[in-house]
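Q: Here's my sequence, what's the structure:
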Amino acid sequence: MQTNANAYAMIRKTNLSFDETVETLRTALTTQGFGVLSEIDVSATLKKKLDAEYPRTLILGACNPSLALRALTAIPDISVFLPCNLVVRMDGEQVEVAVINPLVMAEMMHHSEIDAVAQDADARLRNVLDALNP
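A: Purely as a prediction, here's the structure:
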């Protein structure tokens, strides 16, 4: 399994099938205190609205209530970044998962409590990505 990182996202490729990846993520998110609040089937939406073909892509909107409360209490406008989106997508024949890098998001806020929340969220989301190891 390969891990890539860029300025705003942590990206992991997996050898699991698309459906196995989604199920593994759901379980790992629960283990890390997150719930899935929303699910957007990007490819189905683009097909329905635009009759456009797009590789299978699913966005899971995940939230850890205790982390969200800490962040919202510190800076209410941080709600524009919630929930944390995990994107599961086909990249050729392989499945790829991307998630926002909470540490990069925190850099925009310049707030010590947000820094602490972001460090906690980063560790938890990395554990979620680590669960994709077959």
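Q: quick one, helices of this protein?
A: Counting by DSSP state H, one finds helices in the chain at the ranges 18-31, 42-50, 65-74, 102-107, 112-130.
Q: what inclination does the first one have with respect to helix 112-130?
A: By that I understand helix 18-31. 140 degrees (axes from the mean of the first three to the mean of the last three CA atoms, to 10 degrees).
Q: For helix 18-31, name the packing helices and strands.
A: strand 35-41, strand 57-63, strand 84-91, strand 94-100, helix 112-130 (3 or more CB pairs under 8 Å, 6 or more residues apart in numbering; DSSP states H and E). Quick note: C-beta positions are derived from backbone N, CA and C, even for glycine.
Q: try it again with 10 Å
A: strand 9-14, strand 35-41, strand 57-63, strand 84-91, strand 94-100, helix 112-130 (3 or more CB pairs under 10 Å, 6 or more residues apart in numbering; DSSP states H and E).
Q: And the last one, by the same measure?
A: Under the contact criterion of 3+ CB pairs under 10 Å, 6+ apart, helix 112-130 touches strand 3-5, strand 9-14, helix 18-31, strand 57-63, helix 65-74, strand 84-91, strand 94-100, helix 102-107.
Q: per-residue pLDDT, the residue positioned nearest the centre of the chain?
A: The structure's the chain has its C-alpha centroid closest to residue 86; by CA atoms, centre = their mean the separation is 2.4 Å. The model reports residue 86 with a pLDDT of 97.
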